[in-house]
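[1] Structure, please.
(one chain, ligands or ions: 1)
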Amino acid sequence: MRNICVVGSGHVGLVTGACLAELGNKVICMDDDFRKIEGLKKGIMPFYEPGLEEMVYRNVNNGRLSFTTGIKESVKQAEIVFICVGTPQRQSGEADLASVEAVSQRIAKTMDNSKIIVEKSTVPVKTGSWIKRTIKLNNTHNVDFDVVSNPEFMREGTAIHDFMNPDRIVIGVESERTANIMTELYKPLNAPIIMTNIETAELIKHASNSFLALKISYINAIANICEKVGADVIKVAEGMGFDKRIGREFLNAGVGYGGFCLAKDVSAFIKIAEDVGYDFELLRVVQKINDFQRRQIVKKLREALWNLSGKSIGILGLSFKPNTDDVREAPSIDIIKQLQAEGANIKVYDPRAMNKTKEFLQNVAYCQNPYQVAEGSDALVIITEWDEFKNLDLSKVKQLLRQPVIIDGRNIFHPTEMKALGFTYQGIGR
Ligand code: UGA
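    The predicted structure is shown next:
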C-alpha cells in the first residue's frame, strides 16, 4: 500500500486515482476546481466513463479514495505524486505546459519529505527535465525527489479496463530505488514493464498516439480508393489485419479520428519535430487525410440530395466515439458546422453527449431519440457508432424520413441489406 496524491482530476487523473485505490493504495485526488471536487465528494462524476462511478463510490466508502482542493495537505501525506493536469493545445499546435509548471512549483514548495513525482499528463519530450529543474528551483525544504515519466495509454470509454489491463507499462526513471517502487506499484497489473530514461518514455507516448492516428488515416485513404474501384474496405482491413505484423485494430474506416488526444498529439509531435529541425511530413499528411474524411460526408450528402440549403439533416451521434460524453475535437461538430454553412437545418441525437455539445453548436434541434431525428429529415448521417444505432428499427426509420437517405460514417450497416430495404445508402469505402 502506497500513499498517493493525484494532482488534476480530469479523465486521466480521476481514472488513475480510482484505479490505484482499487489496487489497494490510499489515494487523494486533488483539483483546483471547487465545483468538481464538491461534486466528486457527493458521488457526482464530472464526465461519463463506464464503471467509474461505481469504482469511485466503492473506494470512497472503504476509505482508500478521497478528494480535496488543497494541494498542501495532499502532497504532504503522499509518497508518490502524479501530475495529471491538462495540457491544452496552443494555436501553433504545441502543448501549453503552464499548468504543469505551476503545479510543479506548488508541489516543490509544499513537500517536506522525499517524493516521487510522476508525470502522467501527455507532455512533449523534455518536460520531465523541465519539471525536475522547476522542482529543484522551488524545493523550499530541500528534500530528495525523483521525477518519473509514466505515460498513460487508456482510451476514453474503456479507460478503467485499459488501466487495469494494459498492454505495457512505460516507466521513464533515473534511480533504481524509484524504479523498484514504480514496479511494485504496478505489479498487480501483471503487464510487461518497459523501463527507460525519461525522454524515451515521453517519446513512446507521442510515437504511439501518432501511429494510431496514422493507422486510421491509412485505412481511410484505402477506403477512398475502395469506393473508386468497387472494393470493400472492411474486407481489406480484415485481410490486412490477420497479418500479425499489421493487426486488425484501428483499421476502421470512417469520418476520421476525433477526441482530445489523437488530434492534439499529432499536432504536438509535428511541432516537437519542427523544433528539433525535422519536418514530420508524414504526420502532416495524416492530418490532411483526417480533414478530408470529414468533408467527404458533406460531399456524399450533396450527391444524394443535390443542394443542402433548406434541407433537413438528421445527425446520429455527437461524441467523438461511443461510451463517452466527450465532444472535444469531435468530427460531429465540424461536420455540422460545414452543413450549417451550406444552409442545412440540423437535428441531432446522442445518448450521452447532447449537453456537452451545447457550448459548441448553435441553431441545432436536440431530439429525444433517433426516430425523432429521422422524422421529416431529408437524410440521416451516422457519426458515432453507439450500440443503440446498430439496433434501430430501420423500416420505421424509412417511414419517418422524408427521403430514404442514410450516410453511414461508421459502417454500422451493410450496403446490400440497406439497398434491399430501399435506402439510398452510402457507407465509407464500400
Ligand atoms: C487515444 C489512444 O487510443 C489511447 O491509447 C491514449 O491513451 C489516449 O488517446 C490519450 O492519449 O489519452 P482516445 O482518444 O480515448 O484514446 O480514443 P481512441 O479509441 O483512440 O479513438 C480516437 C478516435 O479515433 C475516435 O474518434 C475513434 O472513433 C477514431 N477511430 C479509432 C477510428 O476512426 N478508427 C479506428 O479504427 C479507431
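[2] Show residues contacting the helix or strand of the chain with the lowest mean pLDDT.
    Using mean pLDDT, DSSP states H and E, helix 71-77 stands out as the lowest-scoring helix or strand of the chain, at a mean of 89. When contacts are defined by CB atoms under 8 Å, 6 or more residues apart in numbering, helix 71-77 is touched by residues 3, 5, 7, 28, 30, 68, 81, 103, 106-107, 110-113, 115. For glycine as for every other residue, the C-beta is placed from the backbone atoms N, C-alpha and C.
[3] Tell me the first helix or strand C-terminal of it.
    Later in the chain than helix 71-77, the nearest helix or strand by DSSP states H and E is strand 80-83.
[4] Tell me which residues of the least confident helix or strand of the chain come out buried.
    If you call a residue buried by 16 or more other CB atoms under 10 Å, then helix 71-77 has these buried ones: 71, 74-75.
[5] Restricting to these, which residues neighbour the ligand?
    Among the buried residues of helix 71-77, no residue is within reach of the ligand (CB under 6 Å from any ligand atom).
[6] Just the CA atoms from the least confident helix or strand of the chain would do, formatted as PDB, please.
    Only the C-alpha atoms of helix 71-77 are listed here, as PDB (Å, rounded to 0.1, in the frame of the first residue of the first chain):
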ATOM      1  CA  ILE A  71      -2.600  20.800  -2.600                       C
ATOM      2  CA  LYS A  72      -0.600  21.200   0.600                       C
ATOM      3  CA  GLU A  73      -2.200  18.500   2.800                       C
ATOM      4  CA  SER A  74      -2.500  16.100  -0.100                       C
ATOM      5  CA  VAL A  75       1.200  16.400  -1.300                       C
ATOM      6  CA  LYS A  76       2.500  16.300   2.300                       C
ATOM      7  CA  GLN A  77       0.900  12.900   3.000                       C
END
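[7] domain assignment for this protein?
    Structural domains annotated on the chain: 3-196, 210-426, as defined by automatic domain parsing.
[8] would you list the ones you listed in JSON lines and tack on distance to Leu203?
    What follows is the domains of the chain, written out as JSON lines (distance: least, CB to CB, whole Å):
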{"stretch": "domain 3-196", "distance to Leu203": "5"}
{"stretch": "domain 210-426", "distance to Leu203": "9"}
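[9] what does this protein put close to the ligand?
    Residues of the chain lying near the ligand by CB under 6 Å from any ligand atom: 122, 152-156, 209, 212, 216, 250-252, 254, 257-259, 261-262, 320-321.
[10] just the buried members of those residues?
    Buried among the residues of the chain next to the ligand (16+ other CB under 10 Å): 122, 152-154, 156, 209, 212, 216, 250-252, 254, 257-259, 261-262, 320-321.
[11] Take the residues you listed and keep only those in helices.
    Counted as lying in helices by DSSP state H, out of those, are 209, 212, 216, 262.
[12] Report the two of those separated the most.
    Asn209 and Ile216 (11.0 Å; CB to CB).
[13] Show me where the stretch 1-150 of the chain has its strands.
    Using DSSP state E, counting those that start in this stretch, the strands of the stretch 1-150 of the chain run over 3-7, 26-30, 65-68, 80-83, 115-119, 145-149.
[14] Output the second one as CSV, restricted to C-alpha atoms.
    The C-alpha coordinates for strand 26-30 follow below in CSV (Å, rounded to 0.1, in the frame of the first residue of the first chain):
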residue,chain,number,x,y,z
LYS,A,26,-4.5,5.2,-0.3
VAL,A,27,-5.2,7.9,-2.9
ILE,A,28,-6.2,11.5,-2.6
CYS,A,29,-7.3,13.3,-5.8
MET,A,30,-6.7,17.0,-5.9
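[15] For it, which outside residues touch it?
    Counting by CB under 8 Å, 6+ apart, 1-9, 13-14, 17-18, 20-21, 37, 40, 59, 63-71, 74-75, 77-78 sit against strand 26-30.
[16] Can you say which of these are buried?
    Using 16+ other CB under 10 Å as the burial test, the contacts of strand 26-30 include 2, 4-9, 13-14, 17-18, 20-21, 37, 40, 59, 64-68, 71, 74-75, 78 as buried.
[17] Next, work out how far apart Ala379 and Tyr366 are.
    18 Å (CB to CB, to the nearest Å).
[18] Just give the number of residues close to Gln340.
    17 (other CB atoms under 10 Å).
[19] Enumerate every residue touching it.
    Taking CB under 8 Å, 6+ apart as the criterion, Gln340 is in contact with 346, 363.
[20] element containing it, please.
    Assigned by DSSP H and E, Gln340 falls in helix 331-341.
[21] Can you mark which positions in that helix are buried?
    Buried residues in helix 331-341 (16+ other CB under 10 Å): 331-336, 338-340.
[22] Likewise for stretch 294-308?
    The neighbour-count check on stretch 294-308 (16+ other CB under 10 Å) flags 294, 296-298, 300-301, 304-305, 308 as buried.
[23] could you give the mean pLDDT of stretch 122-131?
    The pLDDT scores in stretch 122-131 average 90.
[24] So what touches that stretch?
    83, 87, 94-95, 97, 100-101, 104, 117, 119, 147-149, 151-152, 172, 198-199, 201-203, 205-206, 209, 261, 264-265, 268, 271-272.
[25] what sits against the residue nearest to Ile289 when sequence neighbours are not counted?
    Computed as CB to CB, 6 or more residues apart in numbering, the closest residue to Ile289 that is not its neighbour in sequence is Ser217, at 4.0 Å. Contacts here follow CB under 8 Å, 6+ apart; on that basis Ser217 touches 256-257, 285-287, 289-290.
[26] ok, then the element right after the helix or strand Ile289 falls within?
    Here Ile289 sits within helix 281-305, counting by DSSP H and E. Helices and strands here follow DSSP H and E; after helix 281-305, the next one along the chain is strand 312-316.
[27] related to what we said a few turns ago, and for Asn209 and Ile216, which residues touch both?
    With CB under 8 Å, 6+ apart, Asn209 and Ile216 have common neighbours Leu262.
[28] Same list, the buried residues of helix 331-341, but as a markdown table with pLDDT please.
    Putting the buried residues of helix 331-341 into a markdown table (pLDDT from 0 to 100) gives the following:
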| residue | pLDDT |
| --- | --- |
| Pro331 | 97 |
| Ser332 | 98 |
| Ile333 | 97 |
| Asp334 | 97 |
| Ile335 | 98 |
| Ile336 | 98 |
| Gln338 | 97 |
| Leu339 | 98 |
| Gln340 | 98 |
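[29] Kindly reformat the residues you listed as JSON lines containing distance to Phe47.
    Below are the buried residues of helix 331-341 laid out as JSON lines (distance: CB to CB, whole Å):
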{"residue": "Pro331", "distance to Phe47": "19"}
{"residue": "Ser332", "distance to Phe47": "17"}
{"residue": "Ile333", "distance to Phe47": "17"}
{"residue": "Asp334", "distance to Phe47": "21"}
{"residue": "Ile335", "distance to Phe47": "23"}
{"residue": "Ile336", "distance to Phe47": "21"}
{"residue": "Gln338", "distance to Phe47": "27"}
{"residue": "Leu339", "distance to Phe47": "27"}
{"residue": "Gln340", "distance to Phe47": "26"}
